[in-house]
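Peer 1: My questions concern the predicted model and sequence given below.
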Amino acid sequence: MKPEYHLTVQQARYFMLRKHGLINDFKFTGKEGILSFIRQVGCIQFDPIDICGKNPELVLQSRIEHFKKSMLSELLYEERALIDYFDKNLSIFAVEDWPHFDSKRASYQKVSLSREAIDRVIDDVLYYIHQNTFACSKDIHLSEKVNWFWNATSLGRATLETLYFRGELVIHHKKGTIKYYALAKDFIDQEILNCPNPNRTRQDQIEWHILRRIGAVGMLWNKASDAWLGIDEMKAAQRNHAFQSLINSKQVIEVAVDGVEMPLYALEQDRLLLESCLETFKNSNWTETLLPRVSFLAPLDNLLWDRNLIKALFNFEYKWEIYTPSTDRKFGYYVLPILYKDALIGRIEMVNNKKDRTLDVKKIWYEKTFKPDREFKKNLRGSLKKFATFNDCTQVNMTK
């Protein structure tokens, strides 16, 4: 089947960045912008490590104009418009998507790790939370050690996490890295909580999830990718079948990109955006209209979920080296890609020094093809100042 569109690499990049709101003026603003973006991408991946902001906060600060960390917390734990649960690993998504994950919750009903010990105390733990609204593992005085996923842990923690995995508990709030759990029925609207999964079959679920991940990245190909993480029971055969079904039902657009060996797929609902992007390229001076916007991307940013795709479209190789031994790192412990206009031009390592309320810029590595000019340096300084404010820092310290 012949692809509907043939794009240059630069056109493909431009489309991806327009969709993410990462080019020219900000597309998303305030809490409504957060909800709009998360509904567009399906989910943002959670990671608790906080060197200069947690991963979901970093994803949002690069896209949401005037983003504050408190906005995300309020949407999660006060307004309950968002929820923490498993999608692409542990993620944050709109609470109305909860019914789509009933098969995920059902799968955890079958988890047998330390099940006998956990089943013995579940009713008592649920009663305690019912009486006290919420609880963390320290509130549940069950210190007996049991076998758990990474290491042995307390029976109290294992029980709370089991109930959370099964969907009987949700996260009520957090204090630092400590999670406080509450009954799902008390904090999820009953209409959502009792809604059956709209995906009636396993194949429907896979197709829904593939569309969700294409929307999360912008364009994806039909091959093995980290973008598919968290889609249960999907192997190559199921993925191929799902892609063919989505093509036949015209829910995806097949796109050829110069130099990319296989077709990419965008959502049918993004057709107008794709055509608008192509229209932009009819202006031979279109690059002169690009605003000199500098953004710092999260290590687990949606745009970066398929590192091979980023290499193909942006000629940029990125590895999150946080789990790489220090002696083997090419760059640093917690390094963020730098986006300038429509290109990934380097990496930056920053640390939020909370004691001194200083953003320490430890090092910047530029791509060999990029030479920082006066315009870039000016806008870099402006972006660092905004990033410092995002981290509640009062000054920026450039390490020499």
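Peer 2: Yep, it's here.

Peer 1: Wait, a helix at Asp124?
Peer 2: Yes - judged by DSSP: H, G, I helix; E, B strand; the rest coil, Asp124 forms part of a helix.

Peer 1: Next, count neighbours for the closest residue to Trp365 other than its chain neighbours.
Peer 2: Distances taken as CB to CB, 6 or more residues apart in numbering put Arg347 closest to Trp365, at 4.7 Å, once the chain neighbours are dropped. Placement of C-beta: from N, CA and C, glycine included. When counting by other CB atoms under 10 Å, one arrives at 21 neighbours for Arg347.

Peer 1: Mind checking what helix or strand follows the one helix or strand Arg347 maps to in sequence?
Peer 2: If you go by DSSP states H and E, Arg347 is part of strand 343-353. Per DSSP H and E, the first helix or strand lying C-terminal to strand 343-353 is strand 358-366.

Peer 1: from the chain's centre, how far out does the very next helix or strand once past that following strand sit?
Peer 2: Counting by DSSP H and E, the next helix or strand C-terminal to strand 358-366 is helix 374-390. Distance of helix 374-390 from the chain centroid (CA atoms, centre = their mean, to the nearest Å) equals 24 Å.

Peer 1: what's helix 374-390 in contact with?
Peer 2: 52-53, 57, 61, 67-69, 292-296, 340, 350, 359, 361, 372, 394-396 (CB atoms under 8 Å, 6 or more residues apart in numbering).

Peer 1: which strands and helices sit next to the very next helix or strand once past it?
Peer 2: Later in the chain than helix 374-390, the nearest helix or strand by DSSP H and E is strand 395-398. Here strand 395-398 touches strand 358-366, helix 374-390, going by 3 or more CB pairs under 8 Å, 6 or more residues apart in numbering; DSSP states H and E.

Peer 1: Show me which positions of strand 395-398 end up buried.
Peer 2: 396-397 (16 or more other CB atoms under 10 Å).

Peer 1: Keeping just the C-alphas, turn that strand into PDB.
Peer 2: Extracted as PDB, the C-alpha positions of strand 395-398 are listed here (Å, rounded to 0.1, in the frame of the first residue of the first chain):
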ATOM      1  CA  GLN A 395      19.600  32.200  41.000                       C
ATOM      2  CA  VAL A 396      21.500  30.300  38.400                       C
ATOM      3  CA  ASN A 397      25.000  29.200  38.900                       C
ATOM      4  CA  MET A 398      27.000  28.300  35.700                       C
END
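
Peer 1: strands paired with that strand, and their directions?
Peer 2: Here strand 395-398 is paired, per DSSP bridges, with strand 358-366 (parallel).

Peer 1: Show me the contact partners of stretch 2-14.
Peer 2: Residues contacting stretch 2-14 (CB under 8 Å, 6+ apart): 15, 23, 219, 253-260, 263-264, 274, 277-278, 280-281, 312-314, 342-343.

Peer 1: same check, this time on stretch 62-75
Peer 2: In contact with stretch 62-75 (CB under 8 Å, 6+ apart) are residues 20-22, 26-31, 33-35, 37, 53, 56-57, 60-61, 81-82, 92, 295-298, 301, 339, 390.

Peer 1: For the stretch 51-200 of the chain, which segments count as strands?
Peer 2: With DSSP state E, counting those that start in this stretch, the ranges of strands along the stretch 51-200 of the chain come out as 64-65, 82-87, 89-94, 145-146, 153-154, 169-175, 178-183.

Peer 1: returning to that earlier point: can you pull the buried residues of the strand holding Arg347?
Peer 2: Across strand 343-353, burial judged by 16+ other CB under 10 Å covers 343-352.

Peer 1: Check stretch 18-27 too.
Peer 2: So for stretch 18-27, counting by 16+ other CB under 10 Å, buried means 18-23, 26-27.

Peer 1: Next, the distance between the ends of it.
Peer 2: Taking CA to CA, to the nearest Å, stretch 18-27 runs 9 Å from one end to the other.

Peer 1: chain center to that stretch: distance?
Peer 2: On CA atoms, centre = their mean, the centre of stretch 18-27 falls 17 Å from the chain's centre.

Peer 1: Quick check on the contacts of stretch 2-14: which are buried?
Peer 2: Among the contacts of stretch 2-14, those classed as buried by 16+ other CB under 10 Å are 15, 23, 219, 253-255, 257, 260, 263-264, 274, 277-278, 312-314, 342-343.

Peer 1: Alright, that wraps it up for me.
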